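Enquirer: any chance you could fold what I've pasted below:
(chains A, B, C and D)
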Protein chains: 4
Amino acid sequence: MKIGFVGLGNMGAGMAANLLAAGHEVTAFNRSPDKVAALAERGARAARTVAEACGGDLVITMLANDDAVEAVTFGSDGILTALGAGATHVSSSTISVALAERLTDAHGAAGQGFVAAPVFGRPDAAEAAKLFVVAAGEPAAVQALSPVFDAIGQRTFVVAEQPKAASLVKLSGNFLIASVIESLGEAMALVEKAGIDKQEYVELLTSTLFNAPVYKTYGGLMAREQFEPAGFAASLGLKDIRLVLAAGESLQVPLPVASLVRDRFLTLLANGGEHLDWSALGKLASLEAGVAKGNGLFGPAR
Amino acid sequence: MKIGFVGLGNMGAGMAANLLAAGHEVTAFNRSPDKVAALAERGARAARTVAEACGGDLVITMLANDDAVEAVTFGSDGILTALGAGATHVSSSTISVALAERLTDAHGAAGQGFVAAPVFGRPDAAEAAKLFVVAAGEPAAVQALSPVFDAIGQRTFVVAEQPKAASLVKLSGNFLIASVIESLGEAMALVEKAGIDKQEYVELLTSTLFNAPVYKTYGGLMAREQFEPAGFAASLGLKDIRLVLAAGESLQVPLPVASLVRDRFLTLLANGGEHLDWSALGKLASLEAGVAKGNGLFGPAR
Amino acid sequence: MKIGFVGLGNMGAGMAANLLAAGHEVTAFNRSPDKVAALAERGARAARTVAEACGGDLVITMLANDDAVEAVTFGSDGILTALGAGATHVSSSTISVALAERLTDAHGAAGQGFVAAPVFGRPDAAEAAKLFVVAAGEPAAVQALSPVFDAIGQRTFVVAEQPKAASLVKLSGNFLIASVIESLGEAMALVEKAGIDKQEYVELLTSTLFNAPVYKTYGGLMAREQFEPAGFAASLGLKDIRLVLAAGESLQVPLPVASLVRDRFLTLLANGGEHLDWSALGKLASLEAGVAKGNGLFGPAR
Amino acid sequence: MKIGFVGLGNMGAGMAANLLAAGHEVTAFNRSPDKVAALAERGARAARTVAEACGGDLVITMLANDDAVEAVTFGSDGILTALGAGATHVSSSTISVALAERLTDAHGAAGQGFVAAPVFGRPDAAEAAKLFVVAAGEPAAVQALSPVFDAIGQRTFVVAEQPKAASLVKLSGNFLIASVIESLGEAMALVEKAGIDKQEYVELLTSTLFNAPVYKTYGGLMAREQFEPAGFAASLGLKDIRLVLAAGESLQVPLPVASLVRDRFLTLLANGGEHLDWSALGKLASLEAGVAKGNGLFGPAR
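Expert: Modelled structure (predicted):
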């Protein structure tokens, strides 16, 4: 297929490379052009503008937040203007439910398709084509995208015909990950202060009831306190929790654990942690408990 | 080995049966004698008193809470009095850190051994000898118990030489399970109110990042709203959260998610849910969100 | 002074009447004109459009939320267009910090003044000219408004030269009121379930350490469960908590009690309480505790 | 009346002095005898043992916690043994609901009276005879104590015939104070980070809706960051929150704000704050927000 790809960050670069590897024709755009050049060496065509990436069957956006997706879509010479009738905008970014709704309406009015297809997985999974794709949209449009999803992920889940449902599911998944980070951080602070080794503790958990990628990935990062470089930055984590809380408010669903996690992210950011991996959230419990060395709130920790 | 077994409830019955199946000589005691009779048919000797179960190499207690363990241990003709010098009390109950410490001291003073060996797993795992054993105590004593742990579980983790460490790890694990129930309950209330099918949602989660027994077991129970009969009753869930909070207070470790879960359990119990499985905790979010039918807080939900 | 007044709701009607009573010349606009007619009988001139209310020295807006203030200010023939150079827009609505900033910039660019002057007090205080005014803006502009503030309130606090500071202080005050409602609701659920009379309990509190209007007003409403008619509706309470949390997020200040109160408001609204006074928030604790009759979460309360 | 007084700490010293000043005959006991000597100079008789303070019509205990009250009551030569039949034990300490119940039963069985009479007020109020007394017990016994309560307080509230009700009311009051400290701490962190002066902010609040002793006292301490010497230590604050949560658990009443405050106290204590006044709790919000200088969680605050 002829695919435009907008956004070659941590995640997008791997996804676009896998589309090329699967034989698709990819025209790529990125705000900073060096990333495009790197991909061009693997066979991509370089687009100098967003509009140049909109000449094919579909354009995929993989960007950091709502603002970026709005800018490339609704801006002058944006996707809405440049994309042909009958072509489809596939949004793989984690965006708000409200923006998913707005994109559905706008593309529909322009005779274009819109499919939300956010993904679960960190940069290494994007590079290895091991993402999980959560797709929602018109059944025929989603069906036609199978080769695309197969090229970037290990499995696709079609959750609904309304694109916004995929956004909600993706946001809820990120909330669940953040809740694992927070809970695990508390449990690790508790056992660590009692003298139990953190790494052995995580090994025990992830060999038993908590034998899942999310516990292994984040438990490992937290046990090693390996928060840099960020696979997914704390500032993005806060953004997603904000969006899941906004979705909850719109649907009148209280989410107390999400509220707690939001406050934690604010603490992390207010203390210089915005560039750290979001698993750094899990260290706040040990700081509060006075476990972490040299960082006592009222003087040196004991 | 000659093993006494005290407590043939949901969990203990399966554990004792597996000890018999592995060729151990088991003398069993239970407060209500019909459970003993059932086990006797499989080859156990029936003890009419706790003391009668204390004549062998070790006695295992698998009881509901601290009070029950204290009663059989410190009561007249209890384990402390009846157990021989050099024999070992193995506590598989989920007990407080404080009681683990008291038992360690008391048995030590009496020339007896004490090993804490709480287990992870629900009644079906107990029956299938698939428990995970978390053991702590004198290395030699723990080592000698290998055949016992092998008979009841699929894997044993030795976490420390102080028995209380095993209690803490077990309690922290139950806290993590409860935090999964709570977080998942919030996420399910959110997607359900948006019209997404709960069972498909759990299928998606547990096929991807959350591919772990804890999400499958509890996600399934919650999606099906199958809260009876209780594999682990809400009242016991509250007890364990109380104990983990007490351990946290003693170590000066704040545990905000545990605090939130505690309040949820109180709400569940105050509204008639003490006999339900603790996964019923996960339904409170949908009740608050007005998703659950006919249960609105201010009249019929819409 | 020649004053335009936009918004004759629960609060605005009393404020405008007091301006008339103090001898000011008031031209009033309201979306539903019957309120204007009532005020015209007391001497006000009736404006048929917002623009007609903008011919004097200043125009005061007293509206329900950001959207309403934005509509009358930035809409066609809105305040920004209609107000004379040198005249001042006084916003007494409780608005977001972000909107206060935007209004400051827009009016400044148009050569107009902007003063934020939100008020504390319920409709009875508005009627009795007993409001507390929290003002912020250019010192000279604020100074010139003294006669206006004196006519509607019992005391004025000038908090800063930046109008947004007054919004923040007002929002923080509403947060503190909501936190009193929540805390008091919890305490009342506790003592009520122990058999202590709620009204006597509030009498005790408000005669001692909690001898303040906020405890008397809300404690009284809660003890009598008098949630209708709403002096300040739960939906507006949620709006203000949302705004204070947004301000906190923008400043990177976690506000855990505000987060908790937000979730409570969502529960209240999801269960049909949006039209109730925001003090109805305080009843959720007794519902959770199973104190309130006939409203049990899992069937009839005991 | 002939009064024994046990416990001459921050609060008890002032109370006993006022009993002397009102003409009562006071025999005082304190663990460290220098406090007794100071009171003897004002006319008290010095008791060398608890029992020596039990020879009159009543004995008042004013001690730090349950353990201390249990020790002087149930210990050898304690109040239960030494007090005459028909005499009354008046407990002014803030004790658990469970201990109030146990004392009621034990003194009743011994033919003695028991009245719970905890007080609201800090050491300066104790010295000035301005305490508020919350009394519960047999009506005749409470009535007979009027002269005593009048000597130490400005007003007495009789809340129930069961002594434990007075404990519950007192604990709920301390919870409400702690919730004020926490909420105010959050609001102050918010406005302070926006550049508003904390002291002026507290002045505004306490001149308007929050015109109550609790806001003036604690708002003032927090604005001045005057946490030493402690009028009421953080460790005692945690104790009272623990007791109110225990009462809530016993009655099945969730108290989410109390849970939040408990976690805050643990953070404060884990970081060396146990000796500070409990109003230091209110500083945690500004530490989390990175407002407080030089104490950033992840390095120097900005």
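Enquirer: helices of the stretch 151-300 of chain A, start to end?
Expert: Counting by DSSP state H, counting those that start in this stretch, the stretch 151-300 of chain A has helices at residues A:163-193, A:198-206, A:213-224, A:234-251, A:256-270, A:284-288.
Enquirer: for those helices, give me TSV that also has distance to B:Lys193, mean pLDDT and mean neighbour count.
Expert: Backbone N, C-alpha and C define where each C-beta goes, glycine included. Formatted as TSV, the helices of the stretch 151-300 of chain A follow (distance: least, C-beta to C-beta, whole Å; pLDDT from 0 to 100; neighbours: other C-beta atoms under 10 Å in any protein chain shown):
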stretch	distance to B:Lys193	mean pLDDT	mean neighbour count
helix A:163-193	10	98	26
helix A:198-206	31	96	20
helix A:213-224	24	96	20
helix A:234-251	5	97	23
helix A:256-270	14	97	26
helix A:284-288	30	95	27
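Enquirer: please convert those helices to TSV, extending it with distance to chain B.
Expert: Output for the helices of the stretch 151-300 of chain A, formatted as TSV (distance: least, C-beta to the nearest C-beta, whole Å):
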stretch	distance to chain B
helix A:163-193	4
helix A:198-206	5
helix A:213-224	4
helix A:234-251	5
helix A:256-270	5
helix A:284-288	5
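Enquirer: separation between the closest residue in space to A:Leu99 that isn't next to it in sequence and A:Pro256?
Expert: With sequence-adjacent residues excluded and distances taken as C-beta to C-beta, 6 or more residues apart in numbering or on different chains, A:Leu99 is closest to A:Asp66, at 4.9 Å. Going from A:Asp66 to A:Pro256 by C-beta to C-beta, to the nearest Å gives 25 Å.
Enquirer: same check on A:Gln226?
Expert: 29 Å.
Enquirer: domain-wise, how is chain A divided?
Expert: Domain ranges of chain A: A:2-161, A:168-288, per automatic domain parsing.
Enquirer: of the ones you listed, which is nearest B:Asp277?
Expert: domain A:168-288 (15.8 Å; C-beta to C-beta).
Enquirer: the longest strand along chain A pairs with which strands, and in what direction?
Expert: Secondary structure assigned by DSSP state E gives strand A:153-160 as the longest strand of chain A. Strand A:153-160 pairs in its sheet with strand A:131-136 (parallel), by DSSP bridges.
Enquirer: neighbouring contacts of the partner strand?
Expert: Residues outside strand A:131-136 that contact it (C-beta atoms under 8 Å, 6 or more residues apart in numbering or on different chains): A:15, A:92, A:115-121, A:125, A:142, A:145, A:149, A:152-166, A:169-170, A:173, B:204, B:207-209.
Enquirer: residues in contact with the one residue in the stretch 101-250 of chain A that gets nearest to chain B?
Expert: Evaluated by C-beta to the nearest C-beta, the stretch 101-250 of chain A has A:Ala212 as its residue closest to chain B, separated by 3.3 Å. Contacts for A:Ala212 (C-beta under 8 Å, 6+ apart) come out as A:Thr206, B:Leu209, B:Phe210, B:Asn211, B:Ala212, B:Val214, B:Tyr215.
Enquirer: same deal with A:Ala109?
Expert: Applying C-beta under 8 Å, 6+ apart, no residues qualify as near A:Ala109.
Enquirer: ok, A:Phe5 next?
Expert: A:12, A:15-16, A:19, A:26-29, A:44, A:53, A:59-60, A:62.
Enquirer: tell me the secondary structure at the residue nearest the centre of chain A.
Expert: Centroid-nearest residue in chain A: A:Thr94, 5.3 Å away (criterion: C-alpha atoms, centre = their mean). With DSSP: H, G, I helix; E, B strand; the rest coil as the basis, A:Thr94 sits in coil.
Enquirer: hang on, the earlier thing: between the contacts of A:Phe5, which is closest to chain B?
Expert: A:Met15 (16.8 Å).
Enquirer: now do the same for the nearest residue to A:Phe232 once chain neighbours are set aside: its pLDDT.
Expert: Among residues not flanking A:Phe232 along the chain, A:Trp278 sits closest, at 5.4 Å (C-beta to C-beta, 6+ apart). Reading off the confidence values, A:Trp278 has pLDDT 97.
Enquirer: check A:Ala292 too.
Expert: At A:Ala292, pLDDT is 74.
Enquirer: tally of neighbours for it?
Expert: When neighbours are counted by other C-beta atoms under 10 Å in any protein chain shown, A:Ala292 registers 19.
Enquirer: that one reaches A:Lys283, doesn't it?
Expert: Yes - assessed by C-beta atoms under 8 Å, A:Ala292 is found in contact with A:Lys283 at 6.8 Å.
Enquirer: what comes up buried for the helix or strand encompassing A:Ala100?
Expert: In the assignment (DSSP states H and E), A:Ala100 maps to helix A:97-109. For helix A:97-109, the neighbour count (16 or more other C-beta atoms under 10 Å in any protein chain shown) marks A:Val97, A:Leu99, A:Ala100, A:Glu101, A:Arg102, A:Leu103, A:Thr104, A:Ala106, A:His107 as buried.
Enquirer: now for these: which two are most distant?
Expert: Among those, A:Val97 and A:His107 lie farthest apart (C-beta to C-beta), at 16.2 Å.
Enquirer: which bits of the stretch 201-302 of chain A sit near chain C?
Expert: Contacts of the stretch 201-302 of chain A with chain C, taken as C-beta under 8 Å from any C-beta of the partner chain, map to A:242, A:248-249, A:252-256, A:259-260, A:262-264, A:266-267, A:269-270.
Enquirer: at 6 Å what do you get?
Expert: A:Gln252, A:Pro254, A:Pro256, A:Ser259, A:Asp263, A:Leu266, A:Thr267, A:Leu269, A:Ala270 (C-beta under 6 Å from any C-beta of the partner chain).
Enquirer: closest to B:Gly86 out of those?
Expert: A:Pro256 (51.2 Å).
Enquirer: give the contact list for A:Ala280.
Expert: A:Phe227, A:Ala234, A:Gly273 (C-beta atoms under 6 Å, 6 or more residues apart in numbering or on different chains).
Enquirer: A:Tyr218 too?
Expert: Counting by C-beta under 6 Å, 6+ apart, A:Tyr218 touches A:Ile181, A:Ser279.
Enquirer: check A:Leu281 too.
Expert: Counting by C-beta under 6 Å, 6+ apart, A:Leu281 touches A:Ile181, A:Arg264, A:Leu268.
Enquirer: all set now, cheers.
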